[in-house]
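Chemist: model this:
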Amino acid sequence: LLELAGQQRISRLTVAYALSLARASEELPDRTYFLFIRANPYLDAQGNPLSPSAILDLDLETSFSTLDPFALYRNRYDNKKFTERDRTGQLDAEYTFDFRGRQSSAKTGFKVLQKKKEASERRWEYRQTALGLTTDENDYPFVDVKYDDPEALDLFPLNRYKEQQQFLNYDAEETVYAAYAMATLHWTPRLTSLFGIRTETTQHAYSHLTQFKESDEAYHNLLPSLHLTYRFAHRTNLRLALTSGLARPEYTRLLPLTALLDDEIYQGNPDLLPARSFGVDLMLESFSGPLGLLSAGLFAKRILDPVVARSYRQESLGQIFRVTEPINGQVGHIWGIELSLVQQLATLDLPLLRHVSLYANYTYSAAEMDYGTERTDDGPLPGSARHVANGGFFFDDHLAGRSFTLSCNYRSPMLKQIERDPRDDIWFDRQIHLDLSGRQRLTSRLDLFLKLNNLTDQGEREILGDPYDASIGTRWRERESYGPTGLLGLRYTL
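Modeler: Residues are numbered from 1 along each chain as shown. Model prediction:
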């Protein structure tokens, strides 16, 4: 990262400028995978099929006495390399002036961002059924073994591997030209307005290096906003915000390609439009001190052309393939409430709590989207959870150089991907995370720090079917387990 930045003030005019150049790369060579599989009929001890609710209760340690051992089905190794370069130039100017006897300001600026990303991915694969290698549950061979280690080469010679088509082989360039103007006006001691407008022009070009396909697109967006703040008292504010925003599709979704992976087909969509949003927020805030806050708000947002992933089955040459591709939905709506509390417990006048603070926030949102021609029903908006809550305690003794944070995060089920049939929609199940972090100053320059994450041993589970619709029912699709993690270290400040 190289950066040059500065600021110059001339009377009431302040000019700031910045130039930056960033480069990042990641290389993942010789990543080797040995895949063992078996059929699982999900039968109980009496040989009867498990109910959908019982299947959802299964975990990674569940075993079935009637199952066959795992059989080695496929070996593969990958070589991946990603490089990304960013060039940014920005110029801002702010002018302060008197308006109705109070100081206000006007600001304008221009920014150019150029991004270039290169991706290379190669895979070699060997499928075999003749060796008959099997393993029992939780006792897998080839741990920490690469494809070219002697232990692997004795069974899987290199000449049996075949190169497979991979879709992450591309060059991508994106250039964004943005300009804005805004004005902050203090109309009275109680009323302040901030009006702004931003214009953006986006150009992107993609080249797929194995399918020799290219795409080149450009679009322009105008994004106005208005913020009003009314102060009822010294520590109580009412805020109204009218906003507009833009979310560009991810690089990999814009690739002009069709990739076949096993029995699945992935299709890019270079014609994807950016999602645009228009929202209104109303927030009441009350401050009880330097670190005390109680707020409640309402919000609503309209989203045009939201990008979602759709999936369907397609028959070709006598074989059934699962096709996945990104598309633009028609329109989505989100509305809900937000509640926040931050409070120092020293106000309780208890010696044990004088360094302790409490924080909590909760968001309820209801969302729906018109899927257009993909579905006849209106459904939930992918990536939007109905309930999100965060809370915790913060201990900070500045004189002793000691601080700790205990935090809990909850998210209700959230739609991941839509299917042709709502019963096959893919959802993320609910999650609860508990984390602990702390710091102790040892000397003026040396700190001891601790981080403990996922103390609840929360995994990630995907389910099929809407968990809020009892008439559909849900089935277990995939489950991953990570376990708690910890980090203990020393930090020295130069």
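
Chemist: For His387, which non-adjacent residue is spatially closest?
Modeler: Ser412 (4.0 Å; C-beta to C-beta, 6 or more residues apart in numbering). All C-beta atoms are positioned from the backbone trio N, CA, C, and that covers glycine.

Chemist: quick one: pLDDT of that neighbour?
Modeler: What the model reports as pLDDT for Ser412 is 94.

Chemist: can you tell me how far it sits from Tyr482?
Modeler: Computed with C-beta to C-beta, to the nearest Å, the distance linking Ser412 and Tyr482 is 20 Å.

Chemist: who's more crowded, these two?
Modeler: Set side by side, Ser412 and Tyr482 give different neighbour counts by other C-beta atoms under 10 Å, the larger being at Ser412 (17 against 11).

Chemist: Just to check, that one is in contact with Val388?
Modeler: Yes. Ser412 sits in contact with Val388 when judged by C-beta atoms under 8 Å, with a separation of 7.4 Å.

Chemist: Return the list of helices and strands in contact with the biggest strand by length in the chain.
Modeler: Looking only at the chain and at elements set by DSSP state E, the strand with the highest residue count is strand 70-99. Contact here means 3 or more C-beta pairs under 8 Å, 6 or more residues apart in numbering; DSSP states H and E; on that basis strand 70-99 packs against strand 13-37, strand 102-127, strand 134-135.

Chemist: right, so of the ones you listed, which gets closest to Gly196?
Modeler: Of all the helices and strands packed on strand 70-99, strand 102-127 sits nearest to Gly196, with 8.4 Å by C-beta to C-beta.

Chemist: so the closest one versus strand 70-99, what angle?
Modeler: For strand 102-127 and strand 70-99, the angle between their directions (axes from the mean of the first three to the mean of the last three C-alpha atoms, to 10 degrees) works out to 170 degrees.

Chemist: Poorly predicted segments of the chain, please.
Modeler: Along the chain, the parts satisfying pLDDT under 70 run over 52-53, 55-66, 129-132, 137-138, 211, 289-291, 372-377, 473.

Chemist: how many neighbours does Leu399 have?
Modeler: Counted with other C-beta under 10 Å, the burial measure for Leu399 works out to 7 neighbours.

Chemist: What backbone torsions are found at it?
Modeler: Torsion angles at Leu399 (phi, psi; degrees, to the nearest 10) stand at phi -60, psi -40.

Chemist: From Gly292, how far out is it?
Modeler: Computed with C-beta to C-beta, the distance linking Leu399 and Gly292 is 21 Å.

Chemist: cool, Thr83 as well?
Modeler: The span separating Thr83 from Gly292 equals 47 Å under the rule C-beta to C-beta.

Chemist: How about the contacts made by Asp86?
Modeler: Ser20, Leu21, Ala22, Arg23, Leu113, Gln114, Lys115 (C-beta atoms under 8 Å, 6 or more residues apart in numbering).

Chemist: among these, which two are most distant?
Modeler: Of all pairs drawn from the contacts of Asp86, the greatest distance, 14.5 Å, lies between Arg23 and Leu113 (C-beta to C-beta).

Chemist: Of these two, which one has the most company?
Modeler: Neighbours were counted for Arg23 and for Leu113 using other C-beta under 10 Å; Leu113 has more, 17 against 12.

Chemist: Compute the number of surrounding residues for the closest residue to the more buried one other than its chain neighbours.
Modeler: With C-beta to C-beta, 6+ apart as the measure, Val176 is the residue that lies nearest to Leu113, at 4.6 Å, once sequence neighbours are left out. By other C-beta under 10 Å, the residues close to Val176 number 17.

Chemist: Tell me how far Val176 lies from Leu222.
Modeler: When C-beta to C-beta is applied, the distance between Val176 and Leu222 equals 14 Å.

Chemist: again with Ser207
Modeler: Noted for Ser207: a distance of 30 Å to Leu222, by C-beta to C-beta.

Chemist: Could you check which of the two has the larger neighbour count?
Modeler: With other C-beta under 10 Å as the criterion, Ser207 and Leu222 differ in neighbour count, and Ser207 comes out ahead with 18 against 9.

Chemist: Just the element for that one, please.
Modeler: For Ser207, the host element (DSSP states H and E) is strand 191-208.

Chemist: Dump that strand to CSV, restricted to CA.
Modeler: As requested, C-alpha coordinates have been extracted for strand 191-208 and formatted as CSV (Å, rounded to 0.1, in the frame of the first residue of the first chain):
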residue,chain,number,x,y,z
LEU,A,191,-32.9,22.5,13.3
THR,A,192,-30.1,21.3,11.0
SER,A,193,-30.3,20.0,7.5
LEU,A,194,-27.8,18.2,5.3
PHE,A,195,-28.6,17.8,1.6
GLY,A,196,-26.3,16.0,-0.8
ILE,A,197,-26.2,14.5,-4.2
ARG,A,198,-23.8,12.0,-5.7
THR,A,199,-23.3,10.9,-9.2
GLU,A,200,-21.4,7.8,-10.2
THR,A,201,-20.4,6.3,-13.6
THR,A,202,-19.3,2.7,-13.6
GLN,A,203,-17.4,0.9,-16.4
HIS,A,204,-16.4,-2.7,-16.2
ALA,A,205,-14.8,-5.2,-18.5
TYR,A,206,-14.4,-9.0,-18.1
SER,A,207,-12.5,-11.6,-20.0
HIS,A,208,-12.8,-15.3,-19.3
